[in-house]
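> this one's sequence-less:
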């Protein structure tokens, strides 16, 4: 490269040469990337992260939150313009509209996950702080020992419903796990149930947590399952034509039994809460029994 120095002296020419070399060796400044708008990135988030890592029920929940809450609020806003003030405004708006605090936290959790994913993907330089709402202690409905006996007594002549209710109340299975339970999962010899699958709107996937677990068979549950044994299908619970049960069929059977037993109407998840309470009571009884035993060291 030949250029004429603007200063006609040796020192000026050498300085001008150094400036030219520096400008040639220094790369041009990179143009800042355009930050995508929330709607465009949320669509990418659903197609990549959510599709690969979330169960169908979680995918449906995130899609519902996006459609009804986040896209109307931030759809056309660039990701880097979603600041703490705008998030707090969304929180106040949802509370003023009568949304529950738990739903508002679910909305904020979904928004936070999208923004953190954008940060991990180098799309967003930083993530604004999101403050969740404090929730009151959760109230869990469950049946007392006496109420459970009344419920089971109301279906004592119906082997199918008795087995159905005991899978929730004794084994603690969730509704989707009951629907997806196969006879191969029930081991009468070993006295256990292997929970390998769960069903959600006809889609069978791994149970919550993604791991198989083994649940012990109580004596009355094993007896009820033996009495209910059929050959219509591999599924433990199915219709007369072999098609699987649906959540509405389980809830309907439970409402009918509650009415017949003179109990309040409960959902199927209350049976799981009943199982958890029964297990805790059994643990406390075993601890009291062990502490009351006289040992040589305690004499």
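All right, it came through fine. Being a predicted model, the structure only gives us computed values, none of them experimental.

> domains in this protein, by residue range?
What automatic domain parsing lists as the domains of the chain is 38-120, 145-291.

> rank these by pLDDT, which is bottom?
Among those, domain 145-291 carries the lowest mean pLDDT, at a mean of 88.

> what's the offset of that domain from the middle of its chain?
Here domain 145-291 is found 21 Å from its chain centre; the criterion is C-alpha atoms, centre = their mean, to the nearest Å.

> let me have the domains of the chain in a markdown table, extended by mean neighbour count and distance to residue 133.
All C-beta spots, glycine's among them, are computed from the backbone N, C-alpha and C. As requested, those are exported to a markdown table (neighbours: other C-beta atoms under 10 Å; distance: least, C-beta to C-beta, whole Å):
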| stretch | mean neighbour count | distance to residue 133 |
| --- | --- | --- |
| domain 38-120 | 16 | 5 |
| domain 145-291 | 16 | 23 |
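
> got JSON lines for the ones you listed, with distance to residue 16 too?
As requested, these are exported to JSON lines (distance: least, C-beta to C-beta, whole Å):
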{"stretch": "domain 38-120", "distance to residue 16": "41"}
{"stretch": "domain 145-291", "distance to residue 16": "67"}
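
> for residue 130, which of those is the nearest?
domain 38-120 (4.7 Å; C-beta to C-beta).

> gap between the two ends of the closest one?
With C-alpha to C-alpha, to the nearest Å applied, domain 38-120 spans 15 Å between its terminal residues.

> swap in stretch 148-161?
13 Å.

> equivalent analysis for stretch 44-63, please.
One end of stretch 44-63 to the other measures 12 Å (C-alpha to C-alpha).

> over to stretch 58-73?
With C-alpha to C-alpha as the measure, the ends of stretch 58-73 fall 21 Å from one another.

> got the contact list for that stretch?
With contact meaning C-beta atoms under 8 Å, 6 or more residues apart in numbering, stretch 58-73 is reached by 38-39, 42, 46, 50-51, 54, 86, 90, 93-94, 106-107, 110-111, 114.

> just flag the most distant two among the residues you listed.
Maximum pairwise distance in these, criterion C-beta to C-beta, is 29.5 Å, between 51 and 93.

> list of residues touching stretch 117-134?
Residues outside stretch 117-134 that contact it (C-beta under 8 Å, 6+ apart): 33, 35-36, 41, 45, 49, 79-80, 82-84, 87-88, 91, 101, 104-105, 108-109, 111-112, 115-116.

> on that earlier part again, out of the contacts of stretch 58-73, which one sits closest to residue 223?
residue 54 (38.8 Å).

> so that closest one versus residue 114, what's the distance?
Here residue 54 is placed at a distance of 13 Å from residue 114 (C-beta to C-beta, to the nearest Å).

> ok, now residue 177?
Look at residue 177 and residue 114: by C-beta to C-beta, they are 30 Å apart.

> now do residue 273
The gap separating residue 273 from residue 114 is 32 Å, by C-beta to C-beta.

> over to residue 101?
Taken as C-beta to C-beta, the span from residue 101 to residue 114 is 21 Å.

> also residue 56?
Computed as C-beta to C-beta, the residue 56 to residue 114 distance reads 19 Å.

> ok, residue 239 next?
41 Å.

> with residue 143 instead?
On the measure of C-beta to C-beta, residue 143 and residue 114 end up 40 Å apart.

> just residue 104 next, same as before
Using C-beta to C-beta, residue 104 is found at 16 Å from residue 114.

> check residue 200 too.
23 Å.

> mind telling me what element the residue most central in space within the chain is part of?
Of all residues in the chain, the one closest to the mean position by C-alpha atoms, centre = their mean is residue 58, 5.8 Å from it. Remark: residue 58 resides in helix 56-65, with elements defined by DSSP states H and E.
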